[in-house]
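Chemist: the amino acid sequence is not available; the structure is as follows:
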């Protein structure tokens, strides 16, 4: 089945690292994503990783993938107040002609100054 | 900026009325998706177009919902006889065939009173 789970809330101090975790169930997923959503806004694609990789780094963002445990994490280094938002993990699901995204419920990141 | 645009950004309507939303994808993106996001949840897939062909509809899309993409460019999502349960953010995303990146618009927030 399709299910993506995330913890609901994370609070960190400005300058610390944040780690947001996600578990997914579809072992055939080939792409996994992190999106950021600020209040009242749409979703911003932050980064994604192909399932044959176990790590991807992009500036302050590091994605780790443990395919055996179906666990994905997003590490944000030197977290800033502007990083406060909801972060969604998503897996790409293939079915017929469609490649839709299956999202988790989101993790609210609160950055304390 | 040539990102995905959606119109209107907000819509308040009375129960039983019909509403129509518009999405303009990124130029040359031939794939277009509609998602719905309710409060505190991640987006859920509604329907998918490749060019002008609607290739998949979620079971979330009741008979009151219809989506079109007549010329393979912009798309409309119509909800007939709105119900309070239709209140949500309706998100549109687009991607280029062969790419695994879906880019989202700012969404249309629907409130049914």
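Modeler: Sure, I can see it. Computed from a predicted structure; not experimentally measured.
Chemist: who are the packing partners of the longest strand belonging to chain A?
Modeler: The longest strand of chain A (DSSP state E) is strand A:85-95. For strand A:85-95, the helices and strands in contact under the criterion 3 or more Cβ pairs under 8 Å, 6 or more residues apart in numbering or on different chains; DSSP states H and E are strand A:4-6, strand A:18-24, strand A:31-37, strand A:71-76, strand A:98-103, strand A:107-112. Every C-beta, even on glycine, is put in place using the N, C-alpha and C of the backbone.
Chemist: weakest of these by average pLDDT?
Modeler: Lowest mean pLDDT within the helices and strands packed on strand A:85-95: strand A:98-103, at a mean of 89.
Chemist: counting by contacts, list what that one packs against.
Modeler: strand A:85-95, strand B:31-37, strand B:44-50, strand B:53-57.
Chemist: okay, those in TSV with mean neighbour count, distance to residue A:34 and mean pLDDT next?
Modeler: Putting these into TSV (neighbours: other Cβ atoms under 10 Å in any protein chain shown; distance: least, Cβ to Cβ, whole Å; pLDDT from 0 to 100) gives the following:
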stretch	mean neighbour count	distance to residue A:34	mean pLDDT
strand A:85-95	21	6	90
strand B:31-37	24	16	97
strand B:44-50	21	18	95
strand B:53-57	15	24	92
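Chemist: closest to residue B:89 out of those strands?
Modeler: strand B:31-37 (4.4 Å; Cβ to Cβ).
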